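**Q** Kindly return the folded structure for what I paste below:
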Amino acid sequence: MVAEPNNWGRFGPDDQRGTLNLLTPEVVLRALGAATTGQVLSLALPIRGATSSAAPATVPHLRGRPLPQHFMSVDGGDYAAGARPIGAGLRVADDALVVSPHGTTTHMDALCHMWSGDELYNAHPAARVRSYGATRCGIEQVGGVVARGVLFDVPRHHGVDHLPAGHRVGPGELEALGPGLRAGDVAVIRTGWPAVWRRSPEEYWSGQPGLSAEAGRWLAARDVAAVACDNAAVGGLDSRQAAAEGLDDDLHLVLLHRHGIHLMEMLWLEELSATGRAEFVFVAAPLRIEGGTGSPINPLAIL
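**A** Model prediction:
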């Protein structure tokens with residue numbers, strides 16, 4: 001059992017959803033009041049092309065991860081002989097999609113994605129995570145997320161386009177931004193780092209800004225339902241694209257493992273930042289991949 005404060009047992013001994021349990025019907029209905037104009041923004045990076053083209057590599061991703069593969073049958077050049085006829089002169093194009101979400105596209109981490117020792121979140125046995133899938137805390141346990149989103153636009157706060165690679169956002173910076181957090185909110189953190197990709201992939205891979213461990217604990221203490229960020233790991237990364245903190249301060253262990261707080265990574269927040277809105281309705285739903293450690297998502301901000 002982990003030593004620091006955690007949510008193990010808080011929502012019952014069989015719980016596999018963590019702080020998403022805070023999204024009661026009453027909390028969801030109150031969250032809907034954050035929408036005032038009805039404008040809808042997608043907060044997802046695009047999934048582009050097939051690995052036989054350069055297209056997938058034009059989207060931010062971690063070096064060395066398998067890029068998404070999107071194949072189309074309409075031109076007959078990929079996985080099928082061509083668009084298949086369906087009668088009366090009509091034809092239909094099909095898709096095939098292969099995605100390893102972690103580090104390659106906008107995605108949500110399941111509570112089985114990372115752990116320490118022999119136990120997942122809430123003392124579920126880590127041995128239940130096997131090559132055929134996780135029978136505890138898989139991404140299919142999430143369902144859908146509808147909550148009040150609160151944007152912490154840290155670069156705007158500092159008057160810069162993006163944070164430097166070595167910047168670790170502290171609790172004081174979060175406290176100075178946005179409306180006060182309520183239990184069940186989704187904290188959305190902007191670093192501006194994905195925009196660096198357009199200037200230089202090498203600079204993007206040189207490291208990444210992110211939350212400090214203290215900021216993660218600050219969010220956990222305020223009972224957020226989930227944490228979403230535009231960087232690749234919520235916490236910062238070093239030049240090896242690895243978390244520099246020790247295990248006690250690793251944000252995946254602090255948030256996923258100890259507090260049952262789902263993480264969403266690699267969001268695109270530039271258009272949302274341009275609106276100046278700090279409060280909105282946040283909507284996200286992962287695919288129901290049974291036993292999955294994560295899933296691509298298309299998060300939405302309803303303004």
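**Q** Give me the pLDDT for residue 274.
**A** On the pLDDT scale, residue 274 is placed at 98.
**Q** Got the phi and psi for it?
**A** phi -70, psi -20 (degrees, to the nearest 10).
**Q** same deal with residue 69?
**A** Per degrees, to the nearest 10, the backbone of residue 69 is at phi -120, psi 120.
**Q** Ramachandran coordinates for the nearest residue to it once chain neighbours are set aside?
**A** Nearest non-adjacent residue to residue 69, counting by C-beta to C-beta, 6 or more residues apart in numbering: residue 98, 4.2 Å away. C-beta coordinates here come from the backbone N, C-alpha and C atoms, glycine included. Phi and psi for residue 98, reported as degrees, to the nearest 10, are phi -120, psi 120.
**Q** so residue 98 makes contact with residue 56?
**A** No. Using C-beta atoms under 8 Å, residue 98 is not in contact with residue 56; the gap is 10.7 Å.
**Q** which neighbours do the two share?
**A** 68-69 (C-beta atoms under 8 Å, 6 or more residues apart in numbering).
**Q** More neighbours: these two, which one.
**A** Under the neighbour definition other C-beta atoms under 10 Å, residue 98 and residue 56 were set side by side, and residue 56 has more, 21 against 12.
**Q** So that one sits against residue 66, correct?
**A** No. In terms of C-beta under 8 Å, residue 56 does not count as a neighbour of residue 66; the distance is 9.6 Å.
**Q** where are the low-confidence patches of this protein?
**A** 1-3, 74-89, 91, 178 (pLDDT under 70).
**Q** Repeat the analysis, applying 50 as the threshold.
**A** Along the chain, segments meeting pLDDT under 50 span 1-2, 76-78, 81.
**Q** residues touching the residue positioned nearest the centre of it, list them.
**A** Note on the chain: the residue nearest the mean C-alpha position is residue 264, at 1.4 Å, using C-alpha atoms, centre = their mean. When contacts are counted by C-beta under 8 Å, 6+ apart, residue 264 touches 106-109, 226-229, 284, 297, 299.
**Q** and those as JSON lines, adding distance to residue 244, secondary structure and neighbour count?
**A** Shown next, in JSON lines, are those (distance: C-beta to C-beta, whole Å; DSSP: H, G, I helix; E, B strand; the rest coil; neighbours: other C-beta atoms under 10 Å):
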{"residue": "106", "distance to residue 244": "24", "secondary structure": "coil", "neighbour count": "26"}
{"residue": "107", "distance to residue 244": "22", "secondary structure": "strand", "neighbour count": "28"}
{"residue": "108", "distance to residue 244": "24", "secondary structure": "strand", "neighbour count": "25"}
{"residue": "109", "distance to residue 244": "19", "secondary structure": "strand", "neighbour count": "26"}
{"residue": "226", "distance to residue 244": "24", "secondary structure": "strand", "neighbour count": "28"}
{"residue": "227", "distance to residue 244": "19", "secondary structure": "strand", "neighbour count": "28"}
{"residue": "228", "distance to residue 244": "21", "secondary structure": "strand", "neighbour count": "28"}
{"residue": "229", "distance to residue 244": "16", "secondary structure": "strand", "neighbour count": "27"}
{"residue": "284", "distance to residue 244": "28", "secondary structure": "strand", "neighbour count": "25"}
{"residue": "297", "distance to residue 244": "27", "secondary structure": "coil", "neighbour count": "26"}
{"residue": "299", "distance to residue 244": "27", "secondary structure": "coil", "neighbour count": "24"}
